[in-house]
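*Asks:* have a look; sequence and predicted model below, questions after that.
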Amino acid sequence: MSPDYLVSILKPMLEGARATILLFVIAIVASIPLGFLLTLAVNSKFKPLSWLANTYIYLMRGTPLLLQLLFFVFGLPLIPVIGEYLVMDRFAAAALAFVLNYAAYFAEIFRGGLLSIDKGQYEAAQVLGLNKWQTTTRIVIPQMIRIALPALANESVTLVKDTALLYAVAVPELLHFAQTAVNRDFTIVPFVMAGIIYLLITAVLTLVFKWLERRFHYV
């Protein structure tokens, strides 16, 4: 395989990788805070709010992400009366589906982190005279993050790979350009290059999370 051919297919594939990375960044930046808010809602003493949050998490985790993508991209405009107001760019609709889906998974990860914190931590905070806000921000959240980081890292790597589902809703991304090159040139080289690009992205992500784990190790 000539270097010229590799360069010729690398350019569009890098364009696709940009869409992949952009979707990942949007999903992470939006779904992690939303997931934390969902965790707070689940643990709320206000039962209707807790029930709604639990129901939402159950629905998003209990149905396939691909189905949710199809619903947000193609289904929303078909809703009677309000459908015409819900039409949006396919990438935006897909990003919304990813954010709402992964927020449910991150909520469960955060909930597990909260449950792992010893009750004595709260009692010690009271003895030290810390109020509820100080206890949450200075003691609970840092420890919760430290406990949840390995699971967050694993879910984030899964998110990178799940971005390939954009292919199913005709949003040009890395896999789309790889498949186009394979169909055109009858060679598996584009698939191999796509795999390498995915591995590079996940390698960088893994290094970032390992750095974060070291940072929170002594919290």
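*Replies:* Looks like it came in fine. Residues are numbered from 1 along each chain as shown.
*Asks:* please make it C-alpha for all contacts and neighbour counts, starting now.
*Replies:* Noted.
*Asks:* so Phe110 touches Pro150, yeah?
*Replies:* No. Under the contact definition of Cα atoms under 8 Å, Phe110 does not touch Pro150, with a separation of 11.4 Å.
*Asks:* more neighbours: these two, which one.
*Replies:* Higher neighbour count among Phe110 and Pro150: Phe110, with 26 against 17, using other Cα atoms under 10 Å.
*Asks:* tell me which element that one is part of?
*Replies:* helix 90-115 (DSSP states H and E).
*Asks:* for that helix, buried residues please.
*Replies:* 90-91, 93-114 (16 or more other Cα atoms under 10 Å).
*Asks:* what helices or strands is that helix leaning on?
*Replies:* helix 3-42, helix 47-62, helix 65-70, helix 141-162 (3 or more Cα pairs under 8 Å, 6 or more residues apart in numbering; DSSP states H and E).
*Asks:* beyond it, next helix or strand please.
*Replies:* Helix 90-115 is succeeded, C-terminally, by helix 119-127 (DSSP H and E).
*Asks:* so how far is the worst-scoring helix or strand of the chain on mean pLDDT off the chain centroid?
*Replies:* Least confident helix or strand, the chain: helix 119-127 with a mean of 72, by mean pLDDT, DSSP states H and E. Centroid separation between helix 119-127 and its chain, computed with Cα atoms, centre = their mean, to the nearest Å, is 33 Å.
*Asks:* how about stretch 12-27?
*Replies:* 13 Å.
*Asks:* before we move on, what about stretch 71-88?
*Replies:* The answer for stretch 71-88 is 23 Å, by Cα atoms, centre = their mean.
*Asks:* residues in contact with it?
*Replies:* Contacting residues not belonging to stretch 71-88 are listed as 90, 93-94, 96-97, 169 [Cα atoms under 8 Å, 6 or more residues apart in numbering].
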